[in-house]
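Q: Model the following, please.
(2 chains)
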2 protein chains.
Amino acid sequence: MNIRYLSDYTIPRPSLDQGTEEQRKSVQAIIEDVRHNGDQAVKNYTAKFDGADLSSLKVEDDEMDEAVLKMDEKTWSVLNEAAANITAFHERQTQQSWMTTQENGTILGQKVTPLDAVGIYVPGGTAAYPSSVLMNAIPAQVAGVKRVVMVTPPGPDGKVPAGVLAAARLAGVREIYKIGGAQAIAALAFGTETIERVDKITGPGNIFVALAKREVFGIVDIDMIAGPSDITVLADHTAHAREVAADLLSQAEHGELSQANLVTTSPELAEAVAHEVHQQLKTLPRKEIAETAINKQSVIYVAQSLEEAVQAVNQIAPEHLEIQLENAMEAVGKIRHAGAIFVGRYSSEPIGDYFAGPNHTLPTSGTARFSSPLSVEDFVKKSSIISYSEAAFIENAEKVAHFARLEGLEAHARAVEARFSDKRR
Amino acid sequence: MNIRYLSDYTIPRPSLDQGTEEQRKSVQAIIEDVRHNGDQAVKNYTAKFDGADLSSLKVEDDEMDEAVLKMDEKTWSVLNEAAANITAFHERQTQQSWMTTQENGTILGQKVTPLDAVGIYVPGGTAAYPSSVLMNAIPAQVAGVKRVVMVTPPGPDGKVPAGVLAAARLAGVREIYKIGGAQAIAALAFGTETIERVDKITGPGNIFVALAKREVFGIVDIDMIAGPSDITVLADHTAHAREVAADLLSQAEHGELSQANLVTTSPELAEAVAHEVHQQLKTLPRKEIAETAINKQSVIYVAQSLEEAVQAVNQIAPEHLEIQLENAMEAVGKIRHAGAIFVGRYSSEPIGDYFAGPNHTLPTSGTARFSSPLSVEDFVKKSSIISYSEAAFIENAEKVAHFARLEGLEAHARAVEARFSDKRR
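A: The predicted structure follows:
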């Protein structure tokens, strides 16, 4: 693992994978096809890309029942506890509509309304994670979304993983389609004969899914364009090299583009972690993936002071940040950019991936500079409320008309004055 | 103005202007050029598109001072009162960081942090509105954004409108560049020699600005892709035709693509409003624009019941909704999709454009289905906080490891167990 001294190194700015021109064209063609040819186009792409020839796109109730029955008791219990934790945390995010009243009768406010319908994308294959289902569906349910639809690509046998279906049942998702890729995003955005369109699409996916989400953004809302996952551990001499290394590797096993950084004020820890990573890598089942991520994407940064270290963390704007410092909680206030902050020795990152309650859908590739974890707020929207009384109107109408004329919008001024002249009649 | 009976008419779904292939290519080329050639590229495009040959892109302090001095007392006073109202409303939107604590020592929470730097795009020419400056800059200031940058294209004389500069001074914006179009968006997203990059770009613009924002989305955040402005008035027999017509026209004068609809339970009102619109159009300075918007984009819908009318409104998902019903406030609860809701006779839409306090940057083209007015929330982001005590860890570590193995992520399980085995040593 590369060790670099921050004093003579500039942290590179991450770039966004916008796909190749060919990928973009291909995604645009799929979207147009699905938009115009509906179900048939979706089925054709499912046969082509997933190797599954489906007569019906929808997951039937008995398929869901079966999936739940298949699940062992221990797993079902852990899933339930995780779901309860996720629900409890997200319930804290719900917002109230509010109003203010003034003596002259003015009422101003903000109405919070759940979205009508959302679509959740759950990747297939080895990345078919029950945790993704919980992390996307539960905030939508807590927000009060009436229709939560899930899409996930089938295997060549036309089936979707039992764990994903069981998690969907647990999260109260009843409308599931066996479709994936750009064709699934298009079906959700525009609707087909069997799939009614939704208002927002969330959930991770490969480059085709990401490009498709970008294409339909504006027709529907999307959560974010997810890049490769990343972690940064901020540690001093009190951290335990074996634990830090294990946490770095947990992120590195996600994919070859994953990034696992250590920023430390301790050169000794830097050396020890580099050694531990090397040792622990040897016995990992996903060794090749993790090794590539560690060697190609990840860096150990050595800082001369805590200030320099914190500055580096804020420059990286990590998706996951672990603070393994002597006074870990005190450092939280210094962090300006991070998706999730894991504080102290016992807050190993996987606890947040599955169990603690906060969402695991987090801003990647430095987008924590301006993005937030997926939350209940993603599943509601707001409407402003403006109610002027006659008294409030008379008090202010002339000012509004003045402002409108200043901007050259005469009809705006006259709209106000249509009432005003009536008052003088 | 077209009158249609809802019972035998399907409201068309608005579509999103994604630009022509040529426009997209042109925008991509401009962005690449600015990204690699910085200031010089920006200056070249400013000469080419705005006809202004600038030695310095930045607005100097004395230019701002001059703009403020130029402003008459009345206008300055109205601007100040509007700014105070906008500030007061947006201060109600600020969110607190929060934490929960559990007996076993678990701390979970959500930290709210203002964005570091945002760029506000203000269109030039006849659409150079001081109100846009206030509506974009004030929420950013209330959110606590340290660096608020404004860009606006210059006229051929190299100057930007005094009203816009005065509003910027009022809103506390001190960093202003005389640049516009896709080149301004690129400069904000990637930075140049003189312009430091920002984290988010907000504000309206023409199709080139909209396409550029879409291109850089992900590198920076953007507010929304704004389409043409629209209004829907929901009215019954108690509404005043002259006032409703004037309100429709105030929206229609914005542009030929603006949409101004009436949904009413009263066929008499429908006829009367159609007549009034025709009459009032005659004397409008922006008659041609408003007439095109009324004839080509706008419809009077007649409903057989209030329920049918409300359903139509929710289908339209208007940017601005006026409720001119006998019991206007009671109907607010029925509205699922609207950017801003103006309640009752005296809540003429222009009051919200300039003065009342809620933001005038609202979701257009039916995107109120999933988008919200611009708000303080657009200028902050959140970080989750997870702090597990040793006790909490021991209680739950094994469950987390079980879940991780369920998903085939062995290194995740081992990260947790790295601490666990230490406990057993």
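Q: so where do the helices sit in the stretch 201-350 of chain A?
A: A:207-216, A:241-252, A:267-281, A:287-292, A:306-316, A:328-331, A:349-354 (DSSP state H, counting those that start in this stretch).
Q: Of all those, which one is nearest B:A312?
A: helix A:207-216 (25.1 Å; CB to CB). Where C-beta positions appear, they are placed from N, C-alpha and C, glycine not excepted.
Q: Just the pLDDT for A:R425.
A: On the pLDDT scale, A:R425 is placed at 38.
Q: Does A:P350 touch B:A418 like I think?
A: No: using CB atoms under 8 Å, A:P350 is not in contact with B:A418; the gap is 10.5 Å.
Q: Counting neighbours, go ahead and name the busier of these two.
A: Between A:P350 and B:A418, counting by other CB atoms under 10 Å in any protein chain shown, A:P350 is the more crowded of the two (28 against 21).
Q: Relative to B:F420, how far out is that one?
A: Using CB to CB, to the nearest Å, A:P350 is found at 12 Å from B:F420.
Q: intersection of neighbour lists for these two?
A: The overlap between the contact sets of A:P350 and B:F420 (CB atoms under 8 Å, 6 or more residues apart in numbering or on different chains) consists of B:A401.
Q: Might you report the residue contacts of A:E256?
A: With CB under 8 Å, 6+ apart, A:E256 has these contacts: A:I289, A:T292, A:A293, A:K296, A:Q297.
Q: Try it again at 7 Å.
A: A:I289, A:T292, A:A293 (CB atoms under 7 Å, 6 or more residues apart in numbering or on different chains).
Q: With neighbour count, distance to B:L249 and pLDDT as extra columns, can I get these in CSV?
A: Output for these, formatted as CSV (neighbours: other CB atoms under 10 Å in any protein chain shown; distance: CB to CB, whole Å; pLDDT from 0 to 100):
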residue, neighbour count, distance to B:L249, pLDDT
A:I289, 18, 62, 95
A:T292, 16, 63, 97
A:A293, 26, 60, 96
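Q: among those residues, which are within reach of chain B?
A: Checked against chain B using CB under 7 Å from any CB of the partner chain, the contacts of A:E256 yield no neighbours at all.
Q: Grab the longest helix from chain A for me.
A: If you go by DSSP state H, chain A has its longest helix at helix A:21-50.
Q: in that one, what's buried?
A: A:23-24, A:26-27, A:30-31, A:33-35, A:38-39, A:41-43, A:45-46, A:49-50 (16 or more other CB atoms under 10 Å in any protein chain shown).
Q: now do stretch A:181-193
A: Using 16+ other CB under 10 Å as the test for burial, stretch A:181-193 gives A:G181, A:A182, A:Q183, A:A184, A:I185, A:A186, A:A187, A:L188, A:A189, A:F190, A:G191, A:T192.
Q: And for stretch A:384-404?
A: Buried, per 16+ other CB under 10 Å, within stretch A:384-404: A:384-389, A:392-393, A:396-397, A:399-404.
Q: Taking those residues, tell me the two that lie furthest apart.
A: A:I385 and A:H402 (24.5 Å).
Q: returning to what we had before: for the helices of the stretch 201-350 of chain A, which one sits closest to B:A270?
A: helix A:207-216 (35.8 Å).
Q: can you tell me how far A:E22 sits from A:A47?
A: Counting by CB to CB, the gap from A:E22 to A:A47 is 22 Å.
Q: do the same with A:V220
A: 25 Å.
Q: coming back round to it: now secondary structure, distance to chain B and pLDDT too, for the buried residues of stretch A:181-193, in a markdown table please.
A: Listed next are those as a markdown table, based on DSSP: H, G, I helix; E, B strand; the rest coil; distance: CB to the nearest CB, whole Å; pLDDT from 0 to 100:
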| residue | secondary structure | distance to chain B | pLDDT |
| --- | --- | --- | --- |
| A:G181 | helix | 20 | 96 |
| A:A182 | helix | 16 | 97 |
| A:Q183 | helix | 19 | 98 |
| A:A184 | helix | 18 | 98 |
| A:I185 | helix | 15 | 98 |
| A:A186 | helix | 14 | 98 |
| A:A187 | helix | 16 | 98 |
| A:L188 | helix | 12 | 98 |
| A:A189 | helix | 11 | 97 |
| A:F190 | helix | 10 | 96 |
| A:G191 | coil | 10 | 97 |
| A:T192 | coil | 15 | 97 |
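Q: thinking again about what came up before, show me which of the buried residues of helix A:21-50 neighbour chain B.
A: Okay, of these, nothing touches chain B (CB under 7 Å from any CB).
Q: what residues does stretch A:244-252 touch?
A: For stretch A:244-252, the external contacting residues (CB under 7 Å, 6+ apart) are A:229-231, A:233, A:235, A:258, A:260, A:262, A:273, A:276-277, A:280-281, A:284, A:290, A:293-294, A:298, A:320, A:322, A:324, A:348-350, B:411-412, B:414-415, B:418.
Q: Many thanks, we can stop here.
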